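Q: Following is a predicted model, sequence given first.
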Amino acid sequence: MAETDDGTADTGADTGRGGARDERRAARLAKHIGTFARKHGGAEGQLAYLGQAGTRIVLVGGDGGWGDLVAPSHGVALSAAEKAGLTLHETFDGEFAAKVRTGRYEWSRMAGIQVGGRANPAGPPDTGGRAGPGADANR
């Protein structure tokens, strides 16, 4: 690793093909964020770390509509949000969470059969009083 002028280590992560690929990914995500913002009267967001899978960009529109995108890294997600001019929140709670408007679909998926969603499965098969994996095998 080389040292930069400001004394910090340069890992080379922003140079070469990897850096160019990350820039293209960030630009593509920024385009999607911009489309979402135009469709929903503006947008705000929050970045949620997903581990090795990357970072989720949670979007909440001015009309309460919501959606998300997944970036391969936190750096790409942050770059995309900056390119799109997205206002970022540290957490998804309080005033920010109250802006989300859920519709019939979301409520039916959260509550299942209770509000008209798909019926739950009939339940586990009859085990004849036996418990554990393969309890039906000897029937």
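A: Right, received. Where do you want to start?
Q: I'd like the mean pLDDT over the helix or strand that contains Arg24, please.
A: In the assignment (DSSP states H and E), Arg24 maps to helix 16-39. Here helix 16-39 scores 92 as its mean pLDDT.
Q: And stretch 57-73, by the same measure?
A: pLDDT averaged over stretch 57-73 gives 95.
Q: Quick one: residues in contact with stretch 44-54.
A: For stretch 44-54, contacts defined as C-beta atoms under 8 Å, 6 or more residues apart in numbering pick out 33, 55-60, 70-74, 76-78, 81, 86-92, 96, 99. C-beta here means a position set from N, CA and C on the backbone, and glycine is covered the same way.
Q: In it, which residues are buried?
A: By 16 or more other C-beta atoms under 10 Å, the buried positions in stretch 44-54 come out as Glu44, Gly45, Gln46, Leu47, Ala48, Gly54.
Q: Report whether the fourth one is found in a strand, as I expect.
A: Just to be clear, that refers to Leu47. Yes. Assigned with DSSP: H, G, I helix; E, B strand; the rest coil, Leu47 falls within a strand.
Q: which parts of the helix holding Arg24 are buried?
A: Asp22, Arg25, Ala26, Leu29, Ala30, Ile33, Gly34, Phe36, Ala37.
Q: isn't the fourth one right next to Leu59, touching?
A: No. Between Leu29 and Leu59 there is no contact, the gap being 10.6 Å when judged by C-beta atoms under 8 Å.
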